[in-house]
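Student: quick one, structure for this:
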Amino acid sequence: MEKKLKFEIPGKIKGKQRPRFGGGVVYTSKDTLNYENWIKHCFLQKKANPNLTKDVPVKIYINCYFDIPKSYTKKKTLGCLDGSVRPTKKPDPDNILKIVCDALNKIAYDDDKQIIYAQIEKFYAKTEKLVVTIEYLEGI
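Tutor: Below is the predicted model of the structure:
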């Protein structure tokens, strides 16, 4: 088993939406389900063979790269690219973490309760995407 798995999720970044209520039932929005399926697809393209053992602790690192707004000046755009200007926009980091962790249940790890450490950072870049690194800790 690999100790670390790294993969990218290209495209517009989305956070986990709250459950919806309608017709007397609670359901997950179609947008959330579609994005979770996209995350699963991107992970499976890595052709990784993770250990789905229930007791293996996991660390997850998520770097969020947002498109630079077209309205930004050249100076501000350069600041975005060198990391001195960082996004403070939606989606919230906790909602990004939640959608990624939920999507990877049963394919990257048995359950997201195994995650003992999570780090998420937001950056600007020329191409919007998420970069996810999963680290499996054995023998701790």
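
Student: contacts, neighbours, all on C-alpha from now
Tutor: Will do.

Student: report the longest helix in this structure, please.
Tutor: Using DSSP state H, we find that the single longest helix of the chain is helix 30-45.

Student: report the buried residues of that helix.
Tutor: T32, Y35, E36, W38, I39, K40, F43 (16 or more other CA atoms under 10 Å).

Student: and stretch 11-24, by the same measure?
Tutor: I13, K14, G15, K16, Q17.

Student: now, which of those residues lie within strands?
Tutor: Among these, no member is found in strands (DSSP state E).

Student: which of those fall in helices?
Tutor: Per DSSP H, the buried residues of stretch 11-24 never map to helices.

Student: returning to that earlier point: reformat the buried residues of helix 30-45 as a markdown table; add distance to L137 and pLDDT.
Tutor: Formatted as a markdown table, those follow (distance: CA to CA, whole Å; pLDDT from 0 to 100):
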| residue | distance to L137 | pLDDT |
| --- | --- | --- |
| T32 | 29 | 90 |
| Y35 | 27 | 95 |
| E36 | 25 | 95 |
| W38 | 26 | 97 |
| I39 | 22 | 97 |
| K40 | 22 | 95 |
| F43 | 19 | 94 |
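
Student: coming back round to it: closest to Y124 among the buried residues of stretch 11-24?
Tutor: I13 (12.0 Å; CA to CA).

Student: what sits against I120?
Tutor: Contacts for I120 (CA atoms under 8 Å, 6 or more residues apart in numbering) come out as Y61, I62, N63, C64, P93, L97.
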